[in-house]
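**Q** Structural data only, the sequence is not supplied:
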C-alpha cells in the first residue's frame, strides 16, 4: 500500500481537477511568422495575427462570449438619408416597453394621428388668419376714428358736450380715449384758463422759486417733501428718477413754481401733487403744463383735496350719499365698521388714481375727468368699489382698510403664487382689476347716476365753491 501523500508539505502539489469544457475546442491555429522587412523592422505587434500557442505549448484558456442583447429601437434610424428596413416595422404609436400592436391596428392609429395633426395645423392656420383679419379691422377702425378726431373734434371740441345724437357719438368716442398726439392740446382746451393766468406766469414763478432756492429761503421741509414725492412718482417709467431720469429736474422745477404760485393764498405743498404735474409734463410743454395744473386743481372738489375751501367731511358726505344710492350693502357695512370715505378717498383722488391703477388705464380716466369734471372722479371711485365689492364684507375693520389701501396680505400672496406681478404704483392689479372690468362698472352706473343729483349735492355741501 503506497503511503498517503502529505498535502501540507511545502513540496507537495495540490491536484487540480481537469476542467470540463462542454463546447469542443477548435484546434489551435498555427502561428504565422512574418519575415522581417528589408529595413529590419518587422510588422507591428498590434497588427500581427494572434497565436494560440502558449509558453508551455498548450492552448489558451477558453473565453466564454456573451450572447448579444436584443433591444427594440426607440428612435428613427436612417442610413444615407433613407429609413432602414427595421424602422418600417417599428410602431410609432406604441411605447417600446409595451407589447406590439397588430399591424392593421398600428396602421389605423398612424392614419388617425396624421389626420389629427393635419386638422391641428389647419386650425392653427385658421386661427392665425382670424387674428390677422381682426388686426386689419382694428387698424381700419383706428384710421376711421383718427379721421373723425381730425375732422370733427379737434377743430371744435366743445361740440362733444352739446346735445344731439351726432354729438353723443363724438362724446362716446372721447370716452374711449383721446389719441396721444391730440391729448395735450385737447386737455389744455378742455381745462381752460379760468384763473386768467398769462403765459408768462410759469416763467415768473419758476424764477422766484429758483431765487429762493439759491438764497436758501425756500422752506426746507417743503423742498424735502417735494423731492421725496418726485422720487416716488411713476416709478415704472423711470423718467423721473433722481439719478438718471431725464425729466426729474423739469418735474421738480414745476412743483416748486406751483408752490410759489399758491403761496400768496397761504397754501403749501400737498403730497401727491407730483403725479398731477408728471402727467401734464408727459403730454405738453412745461409752461402749458403749469397752467393746466393750476386750473385743474381749482375745480370744485379737487380744490378741497388740495387745501382750498371745503373739508374732508363735506366731500365724505357727498360720496356717502352717492354710495348709498349705488351700493347700499357696501355703504351699510362701512357704516357698521366706521369706515368713512375720508379714510380711503383722498388716497385715490389726490393723485387721480395714479397710485392704485395701471398707467394706461389711468390716462383714459383722465381723458374723461378733464371732459366731464369732478363728478366723474366719484363715478370712478364707485366703480373701483364695485370691483372690490366681494372683498368688502370682512368682519374685521383692519382687514377692510388693508383691502382699500391695496395692502391685503392674503391677496398679495395669492397674486405672487399665481404669477401676477404686483406693481406698487398699480396696487389694485392684484385684485384682477382691468380696464375692461372697471369701465363695465362705470357704464352700469347709467341706470341710477343723475348729474342733477350731483349738482344738488355740490350746491348743498360746497356752496362757496
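**A** Ah, there it is. As the structure is a prediction and not an experimental result, all values here were calculated from the model. Numbers count the residues shown, from 1 in each chain.

**Q** switch to C-alpha atoms for all contacts and neighbour counts from now on
**A** Noted.

**Q** For the stretch 301-450 of the chain, just list every one of the helices.
**A** 312-326, 328-336, 345-349, 359-372, 375-388, 397-405, 409-417, 435-444 (DSSP state H, counting those that start in this stretch).

**Q** Would you indicate which residues of stretch 97-114 are buried?
**A** By neighbour count on 16 or more other C-alpha atoms under 10 Å, the buried set for stretch 97-114 is 106, 109.

**Q** sorry, back to before: what's the closest of the helices of the stretch 301-450 of the chain to residue 127?
**A** Closest to residue 127 of the helices of the stretch 301-450 of the chain, according to C-alpha to C-alpha: helix 435-444, at 23.5 Å.

**Q** The closest one vs helix 312-326, what angle?
**A** Calculated by axes from the mean of the first three to the mean of the last three C-alpha atoms, to 10 degrees, helix 435-444 forms an angle of 80 degrees with helix 312-326.

**Q** same for helix 435-444, what does it pack against?
**A** Contacts defined by 3 or more C-alpha pairs under 8 Å, 6 or more residues apart in numbering; DSSP states H and E place helix 435-444 against helix 375-388.

**Q** in the helix it packs on, what's buried?
**A** For helix 375-388, the neighbour count (16+ other C-alpha under 10 Å) marks 376-388 as buried.

**Q** Closest to residue 214 out of those?
**A** Distance to residue 214 across those (C-alpha to C-alpha) is lowest for residue 377, with 38.9 Å.

**Q** Could you double-check that the closest one lies in contact with residue 349?
**A** Yes. Using C-alpha atoms under 8 Å, residue 377 makes contact with residue 349 at a distance of 7.1 Å.

**Q** which residues in the protein form strands?
**A** Assigned by DSSP state E, the chain shows strands spanning 78-79, 82-83.

**Q** Out of the ones you listed, which gets the lowest mean score?
**A** Mean pLDDT per stretch puts strand 78-79 lowest among the strands of the chain, at a mean of 44.

**Q** what's the average pLDDT for the helix ranked longest in the chain?
**A** Longest helix of the chain, by residue count under DSSP state H: helix 103-148. Across helix 103-148, the average pLDDT comes to 92.

**Q** Just give me how far it sits from the chain centre.
**A** Put simply, helix 103-148 sits 27 Å off its chain's centre (C-alpha atoms, centre = their mean, to the nearest Å).

**Q** just to revisit the earlier point, and the helices of the stretch 301-450 of the chain, which one averages the lowest pLDDT?
**A** helix 409-417 (a mean of 67).

**Q** Adding distance to residue 456 as columns, could you present the helices of the stretch 301-450 of the chain in CSV?
**A** Listed next are the helices of the stretch 301-450 of the chain as CSV, based on distance: least, C-alpha to C-alpha, whole Å:
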stretch, distance to residue 456
helix 312-326, 10
helix 328-336, 20
helix 345-349, 20
helix 359-372, 16
helix 375-388, 12
helix 397-405, 28
helix 409-417, 38
helix 435-444, 21
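
**Q** Tell me the pLDDT of residue 352.
**A** pLDDT recorded at residue 352 is 94.
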